[in-house]
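Asks: Based on what follows, work out the 3D shape:
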Amino acid sequence: MYYSSGNYEAFARPRKPAGVDDKSAWFVGAGLGNMAAAIFMIRDGQMKGDRITILEELKLPGGALDGIKYPKKGFVIRGGRELEDHMECLWDLFRSVPSLEIEGASVLDEFYWLNKDDPNYSLCRVTEKQGQDAHSNKLFTLSEKGQKEIVNIIMATREQMENKTIEEVFTDEFFNSNFWLYWRTMFAFEPWHSALEMKLYLHRFLHHIGGLPDLSALKFTKYNQYESLVLPMYRWLLDQGVTFLFEHEVTDIQFDISEGRKQATRIDWVTRDGEVGGVDLTENDLCLVTIGSLTENSDDGDQETPAVIKDGPAPAWDLWKKIAKKSPDFGRPEVFCGDIQKTKWESATVTTLDERIPAHIEKITQRSPFTGKVVTGGIVTAKDSSWLMSWTINRQPHFKAQKPNEVVVWVYGLFVEEEGDFVKKPMQECTGEEIAQEWLYHIGVPVDEIPELAKNAAKTVPVMMPYVTSFFMPRQAGDRPQVVPEGSVNFAFIGQFAETTRDCIFTTEYSVRTAMEATYQLLDIERGVPEVFNSTYDIRYLMKATTRLADGDSVNIPGPNFIKGKLLDKLDNTQMGQLATDFGLFPEHGDTKARPRHDDAIA
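Replies: Okay, here's the model as predicted:
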C-alpha cells in the first residue's frame, strides 16, 4: 500500500488482485468503516459480494452514524459528523455509491450539488444572556502569547505531545480566547484531553482556520446521516449480495501468533437469543474488526425519564480487551475506556410540535427553519451556559418521516455534572422535558412560558454517551494498534482506535481511511490511497492561517522601526514579499501591493 495525490491515481482503476476469488471476508461491526471496507473490496478488490459477511450486535447498520424514530419516544440522533471538502477517502467512497433520491447520481453528486446550491454558514455562532447575540464578530481574540502557544504545538514533534493534556501546553491566554470557545464546542475538546490530538487537528484542518467562527468550513447532508449516508451504502451492499447478520455479538477472536506471523483463526459470537456460534478462518478468510466504540452503552431517556450512565459490561470494549491480551501489537484499550468521567457527555434531540418554539429560534438564526435550507449553519453555543450547551438545526426535514410543522433540534452539553441555569439540576439527572426547559431558557423564551412549551410544544429524548470522547484521551505510540499489524496475514483493525498516518479522529474520514488502508493492504490493491490533504505543508495556507489567527493584523516584526523597514525593503519586489503581503502578514511596502489570489485553490 502507498499514498498518492493527483488525478493520475484518483481516476485509475486497479487490476483484479491475484487470488481474490479464493478469499472471503468477515467483518466485525456494521458501522461506516466496515461498510466502506466492504465497498472497497467489491469495487477495487473485485471480490464478489456473496463472499462477504458483516456481523453486527445491533438491529441495524450505521454505528455512530445514526438517526431513528422510536414509536413512542420520537426522533433520536446521538450526534452528527461535520463534513468538509477534503475528506479524500470519504468522497472517493461515495463517488461510487448511488443516490437513493436522484437517478443516475452518486451520493457525492447529490451532496456536491446540495452544498453548491445551499452553502453552509452561520449568522449567529455564539449567544449569551438568554439568546442574545454575543457579537463574537468572527474574531479569535488570541493574544500574542496565545498565538505563539498554537504555533508551539504545531511545531512540536508527535513524541513531545504524547501523554500530555491540552491544559499542560496552553495557558489562560489561550483558554480565555474566542478561538478556544469555537474549537472546544465544535470538536468537543476538554482541557484534560490529548494535546497530541489537538496538534493533529490543527495540522489537519489548517485550511479551515478562517471558517471556524462562522462554520463556513462545514458541509452537511440533506437528511440525518443514517438516511443520507448509511442507507445508500446498505442498499448497495445488499444488491451486491453481501450478508448482514444482525443481533450477533462477537465475543472473541482467536489468533495463531508465531514469530513474524499473525493469523486470525476463529470468530466467536452469541446471538440475541443466546445461541452460541462462530466460524473458523483460514489465511484466505479475511477478518476486519472495528475496535472500541464512541457510542457503546449509550442510553436513551425520554420526555419524562433521564438517560442513565451505563458503566457495566461494554461488548465492543470488552472484545478489544480480550484481543489486546493476545499481543502487545493489538493496542491498550484501557487508555481510552478507563475513565468514563472524562469521556462522557450528553446530547438530546428536541422535536418541536408547533410553530411557537420555531418563532424564537428564528430570532437567533435569522432564518426560518421551514425553508428546507441551512438554518443554524452548525452549532450555536450559549457561552454563559453552565452546561456549556450548544445546539444545531440542520436542513429540515432532518428525517423524511417528519411532519411539515416539526423541527428537529440537536442539543449537547459538555459539562453534564454542573447545575443548570434555569433547571437547578445537573444535565445528567434531567428528563427530556427538563433539558428542553434549559435550552428554551438559553434561546430567550420568556421564563413564564418555558414550562408549558417544554411540556406541550416539544418532545425531547436525552442520550447519555459514556465513551463519546474516549479517543481524545492522552496517549502514546502503541496505545492504538496499526491498521494492519506487523506480520498479519488475514486481519486488520478499523475505525477510530486504529493507528494511521497524520489524520485525526472523530471524523467520518478517519473511519473510511482505515477501511481503505486495510482493504488495500490485505488484498494488495495496486492503487494509491489518497494522502491526507496537505494544507499543513502549503505555505499559502500557513500564511493565511497565521494572519487569521491574529484577526487580520500584520505580523509584529520585533526590533526598531528602521530594522523593520530594511527587512521590508529586502522583500520588496520578491516572491516571498509578495506572498506575505497578499496574505496580510506584512503591510504594503514600496512597490509590493496586496493582490487577489485568483490563481490559488485555497478558498
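Asks: Now tell me what touches the helix or strand encompassing L288 from outside.
Replies: Per DSSP states H and E, L288 falls inside strand 285-290. With CB atoms under 8 Å, 6 or more residues apart in numbering as the contact definition, strand 285-290 has outside contacts at 23-29, 31, 33-34, 37, 63, 250, 253, 264, 267, 279, 281, 316, 319, 323, 490-495, 515, 518-519, 522-523. For every residue, glycine as well, the C-beta is placed using N, CA and C.
Asks: partners of that strand in the sheet?
Replies: Note on strand 285-290: by DSSP bridges, its sheet partners are strand 24-28 (parallel), strand 491-494 (parallel).
Asks: Which parts of the stretch 301-450 of the chain are helices?
Replies: 315-324, 334-337, 340-343, 356-365, 432-442, 450-456 (DSSP state H, counting those that start in this stretch).
Asks: If you could redo that for the stretch 51-200 of the chain, that was the one I meant.
Replies: 88-94, 107-117, 144-155, 158-161, 166-169, 172-175, 178-187, 195-204.
Asks: Let me have these in CSV, extended by mean pLDDT.
Replies: Supplementary listing: the helices of the stretch 51-200 of the chain in CSV, determined by pLDDT from 0 to 100:
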stretch, mean pLDDT
helix 88-94, 98
helix 107-117, 98
helix 144-155, 96
helix 158-161, 97
helix 166-169, 98
helix 172-175, 97
helix 178-187, 96
helix 195-204, 97
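Asks: Deepest in the core, which of those helices is it.
Replies: The highest mean neighbour count among these, using mean count of other CB atoms under 10 Å, belongs to helix 88-94: a mean of 23.
Asks: Tell me which other helices or strands that one touches.
Replies: Judged by 3 or more CB pairs under 8 Å, 6 or more residues apart in numbering; DSSP states H and E, the packing partners of helix 88-94 are helix 32-43, helix 107-117, helix 508-523, strand 529-530.
Asks: where in this protein is pLDDT low?
Replies: The chain contains residues with pLDDT under 70 at 558-559, 562, 564, 603.
Asks: Would you mind listing the buried residues in stretch 11-21?
Replies: Residues P14, P17, V20 are the ones in stretch 11-21 that count as buried (16 or more other CB atoms under 10 Å).
Asks: if we can go back for a sec, between the strands paired with strand 285-290, which shows the greatest average number of neighbours?
Replies: strand 491-494 (a mean of 27).
Asks: Need the residues that contact that strand.
Replies: Counting by CB under 8 Å, 6+ apart, 29, 33-34, 37, 253, 255, 262-264, 286-291, 330-331, 481-485, 498, 511, 514-515, 517-518, 521-522 sit against strand 491-494.
Asks: what's the offset of it from the middle of its chain?
Replies: 20 Å (CA atoms, centre = their mean, to the nearest Å).
Asks: Next one: Q160 relative to S347, how far apart?
Replies: 34 Å (CB to CB, to the nearest Å).
Asks: Count residues in the vicinity of S96, would you?
Replies: S96 has 15 neighbours, counted by other CB atoms under 10 Å.
Asks: try V461
Replies: With other CB under 10 Å as criterion, V461 counts 24.
Asks: Help me confirm that it is found in a helix?
Replies: No - read with DSSP: H, G, I helix; E, B strand; the rest coil, V461 is strand and lies in no helix.
Asks: dump the residue contacts of the residue nearest in space to the middle of the chain.
Replies: Central residue of the chain (CA atoms, centre = their mean): T507, 2.8 Å from the mean position. By CB under 8 Å, 6+ apart, T507 lies in contact with R81, E82, M87.
Asks: and what of G19?
Replies: With CB under 8 Å, 6+ apart, G19 has these contacts: N284.
Asks: let's see it at 10 Å
Replies: Residues near G19 by CB atoms under 10 Å, 6 or more residues apart in numbering: N284, L523, D524.
Asks: Could you do W113 as well?
Replies: W113 touches S99, I102, A105, counting by CB under 10 Å, 6+ apart.
Asks: Go again with 8 Å.
Replies: Going by CB under 8 Å, 6+ apart, W113 touches A105.
Asks: count of neighbours near D214?
Replies: 19.
Asks: Touching, L281 and D268? I think so.
Replies: No - with contact defined as CB atoms under 8 Å, L281 and D268 do not form a contacting pair (11.2 Å).
Asks: and those two? which has more neighbours close in?
Replies: L281 (22 against 16).
Asks: Select only the buried ones of the contacts of strand 491-494 in ChimeraX?
Replies: Here is the ChimeraX command that selects only those of the contacts of strand 491-494 that count as buried (16+ other CB under 10 Å):
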select :29,33,34,37,253,255,262,263,264,286,287,288,289,290,291,330,331,481,482,483,484,485,498,511,514,515,517,518,521,522
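Asks: now the strands: where do they sit in the stretch 201-350 of the chain?
Replies: 243-246, 248-258, 261-271, 276-280, 285-290, 299-300, 345-352 (DSSP state E, counting those that start in this stretch).
Asks: Distance to V151 for those - can I get that in JSON lines?
Replies: Listed next are these as JSON lines, based on distance: least, CB to CB, whole Å:
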{"stretch": "strand 243-246", "distance to V151": "48"}
{"stretch": "strand 248-258", "distance to V151": "44"}
{"stretch": "strand 261-271", "distance to V151": "41"}
{"stretch": "strand 276-280", "distance to V151": "52"}
{"stretch": "strand 285-290", "distance to V151": "36"}
{"stretch": "strand 299-300", "distance to V151": "42"}
{"stretch": "strand 345-352", "distance to V151": "30"}
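Asks: gap between the two ends of stretch 543-560?
Replies: Stretch 543-560 has an end-to-end distance of 24 Å (CA to CA, to the nearest Å).
Asks: Not counting that stretch itself, show me its contacts.
Replies: So stretch 543-560 is contacted by 139-142, 144, 147, 150, 179, 206-207, 209-210, 563-564, 567, 579-580, 583-587, 602 (CB under 8 Å, 6+ apart).
Asks: OK, contacts around the spatially closest residue to G74 that is not a sequence neighbour?
Replies: Closest residue to G74 apart from its sequence neighbours, by CB to CB, 6 or more residues apart in numbering: K459 at 4.4 Å. Shown in contact with K459 (CB under 8 Å, 6+ apart): K73, G74, Q303, V350, T351, L353, G432.
Asks: So the first one sits against P462, correct?
Replies: Looking back up the chat, that one is K73. No - between K73 and P462 there is no contact under CB under 8 Å: 10.1 Å.
Asks: out of the two, which sits in the more crowded spot?
Replies: Taking neighbours as other CB under 10 Å, K73 and P462 compare with P462 leading, 31 against 19.
Asks: Quick one: residues contacting that one.
Replies: So P462 contacts D300, G301, D302, P306, A307, E346, S347, A348, C430, T431, G432, I435 (CB under 8 Å, 6+ apart).
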